[in-house]
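J.: Let me see the structure of the following:
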Amino acid sequence: MAMLMGISIGTVSVPIFDIFRIISANIFHLQLDESINPMHSNIVMNIRLPRVILAGLVGASLAIAGASFQGLLRNPLADPYTLGVSSGASVGAVITLFFGVSLPFAGLFTLPLLSIIFAFLTIIIVLIFARRIDRGMKVETIILTGIIFSSFLGALISLMIALTGDELRQIIGWLLGSVSMRGWDYIQIILPFFLVGSLLLLINGRELNAMSFGEEKAQHIGVNVQRRKMLVLIAGSILSGAAVAVSGTIGFVGLVIPHLTRLLWGPDHRHLLPLSLLTGSGFLILADLLARTIIAPTELPIGVITSIIGAPVFAIILMNRRNERRG
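T.: Okay, here's the model as predicted:
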């Protein structure tokens, strides 16, 4: 439903039945029905369909990564944004844009590869630093460390923006988060990373269930905790890094969606992960629809919409956790 709404609604409305006929004609290389406006076909295939698919993939990536981080760290406040993973990926992407880096063997995939590498390095440094502060590695310590690193990395990004010239508009526009005018090339960039990262997390659903009761208990029932933990961290970094590379920084999706999904359908990661993936996808498609129609013809950055929705929910989660402890 979110996809159909995203494709149909806009400055020019496209009838839903026409959407099916346009997409079918393009998939099967059929002659387009004469009753269909050629402008509608161009809007669907070149503007809205790639935009909706990209928003769906980004939302799905952030939501399933957030659900896995929350399960791993046993805390509903953990997500790529609060752990500093998104900020690390942003630094990698901004360095690529700022210096015009192009890896000879990667080509089009230079941006997501560097974003993923920086995202993974960030989460590893956050965990090492948190362990130095607190041997028990309490979840609150890890999250606070992630927020500290996010602030530091945000300052680095601001420094690069201050030093830049012609690339300023591109970098700032990218940092605000958007899936506007990205096209099919960006879907080709994120799709392989999305498939690999999601598959790695989905096959670790049972292990995340075990680890949610504590690492020692998980080890007692035969889970190789260190290996599984590293797999989840790598998969989460792949998803977060690729999402940030194609859409910029979009906050709170990985925090809010898994939390709401858990409230509705329970904490079993075998269901939570795929449901978070689908819900996150639909949520970001609708958030993008709102971003481009609320003050049309001007578009809002999608990151603004998700932050407006996510920040109050984040505050409510914090208050509920505080009340639970008092109770």
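
J.: Setting aside sequence neighbours, what's the nearest residue to residue 36?
T.: residue 18 (5.5 Å; C-beta to C-beta, 6 or more residues apart in numbering). Where you see a C-beta, it was placed from the backbone N, CA and C, and this is true even at glycine.

J.: so what's the most far-flung residue of the chain relative to its centre up against?
T.: Most distant residue from the mean C-alpha position of the chain: residue 34, 39.7 Å away (C-alpha atoms, centre = their mean). By C-beta atoms under 8 Å, 6 or more residues apart in numbering, residue 34 lies in contact with nothing.

J.: If you count neighbours, what's buried in stretch 33-53?
T.: 36, 40-41, 43-45, 47-53 (16 or more other C-beta atoms under 10 Å).

J.: Tell me which of the residues you listed fall in helices.
T.: In helices, judged by DSSP state H, the following of those are found: 40-41, 43, 49-53.

J.: Just put the residues you listed in CSV and tack on pLDDT.
T.: As requested, those are exported to CSV (pLDDT from 0 to 100):
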residue, pLDDT
40, 92
41, 92
43, 93
49, 95
50, 95
51, 95
52, 96
53, 97
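
J.: Now flag whichever of these is closest to residue 67.
T.: The shortest separation between residue 67 and any of these is 21.2 Å, and it belongs to residue 53 (by C-beta to C-beta).

J.: How about the closest one, nearest residue that isn't a chain neighbour?
T.: Across the structure, with C-beta to C-beta, 6+ apart as the measure, the residue nearest residue 53 apart from its sequence neighbours is residue 187 (5.6 Å).

J.: okay, now the one you found: neighbour count?
T.: The local packing count at residue 187 equals 18, with neighbours defined by other C-beta atoms under 10 Å.

J.: what's the helix or strand harbouring it packed up against?
T.: Under DSSP states H and E, the secondary-structure element containing residue 187 is helix 183-202. The helices and strands touching helix 183-202, judged by 3 or more C-beta pairs under 8 Å, 6 or more residues apart in numbering; DSSP states H and E, are helix 49-73, helix 110-133, helix 225-247, helix 269-293.

J.: Could you identify the helix or strand that succeeds that helix?
T.: Moving on from helix 183-202 towards the C-terminus, the next helix or strand you reach (DSSP H and E) is helix 205-211.

J.: Can you give the contact residues for the helix or strand that that next one is followed by?
T.: Heading C-terminal from helix 205-211, the first helix or strand you meet, by DSSP H and E, is helix 215-220. Contacts of helix 215-220 from elsewhere in the structure, counted by C-beta under 8 Å, 6+ apart, are 207, 210-211, 225, 229.
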